[in-house]
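In: Predicted model and sequence follow; I will ask about them next.
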Amino acid sequence: MSHLHKLSVAVGLLVVLWVVGGLPRSGRHAWVQARVNAPGPVRILRFYASVGTLTAGEKAQLCYGVENAKSVRISPMLPGVFPATSRCLEIVPEHTTHYMILAEGYDGNVATRSFTLPVQADPAAPPQLLDFARAIPPAR
């Protein structure tokens, strides 16, 4: 066998291995190549309350959704906040409250959004009136 023939056979085998190695395989030994894509910009998809107004002591849902966020904060601070495309938390504000969401992206950019939830006083509780004439015992 000549050197040229041996070289041709070796190159042919390398080409076959290269082609076969690039074919998809089934079974548990399949090769998987991870796609490394940089995430896009951080976005706030939704941020709202389930009601437009409520009475003190009533419950509501505060819902939010973010995309491409590495961290999320809601002010006033609520427990259980983390990056999610759709999530709702129960809130029970005692007074009109301004809520703000801050989402930080992987690139360091920040997105914010806010709203104010009006809370009315409980109409069932009448105002307390003091009758000073009865509160002071008579002099002796």
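Out: Right, received. Where do you want to start?
In: Leaving out the residues flanking it, which one is nearest to Lys78?
Out: Rather than Lys, residue 78 is Leu. Excluding the flanking residues, the one nearest Leu78 by CB to CB, 6 or more residues apart in numbering is Leu89, at 5.5 Å. C-beta: built from backbone N, CA, C; applies to glycine.
In: just checking, the one you found touches Ala60?
Out: No. Taking CB atoms under 8 Å as the definition, Leu89 is not a contact partner of Ala60, at 9.7 Å.
In: who's more crowded, the two?
Out: Neighbours per residue (other CB atoms under 10 Å) separate Leu89 from Ala60, with Ala60 holding more: 19 against 14.
In: That one against Ser50, yeah?
Out: Yes. Using CB under 8 Å, Ala60 is in contact with Ser50, at 5.2 Å.
In: Show me where this protein dips below the pLDDT cut-off.
Out: The model of the chain has pLDDT under 70 over residues 1-38, 124-140.
In: how about 80 then?
Out: 1-38, 123-140 (pLDDT under 80).
In: Now do the strands for it: every range, in order, please.
Out: For the chain, the strands defined by DSSP state E cover 43-49, 54-55, 60-67, 69-75, 87-91, 97-105, 110-117, 119-120.
In: Now do the fifth one: which elements does it pack against?
Out: On a contact count with 3 or more CB pairs under 8 Å, 6 or more residues apart in numbering; DSSP states H and E, strand 87-91 meets strand 60-67.
In: 10 Å instead, please
Out: strand 43-49, strand 60-67, strand 69-75 (3 or more CB pairs under 10 Å, 6 or more residues apart in numbering; DSSP states H and E).
In: What of the last one?
Out: Using 3+ CB pairs under 10 Å, 6+ apart as the contact criterion, the neighbours of strand 119-120 among helices and strands are strand 54-55.
In: Number of residues surrounding the nearest residue to Ser86 once chain neighbours are set aside?
Out: Ranked by CB to CB, 6+ apart and with sequence neighbours excluded, the top spatial neighbour of Ser86 is Gly65, at 4.6 Å. Residues lying near Gly65 (other CB under 10 Å) number 20.
In: Alright, that wraps it up for me.
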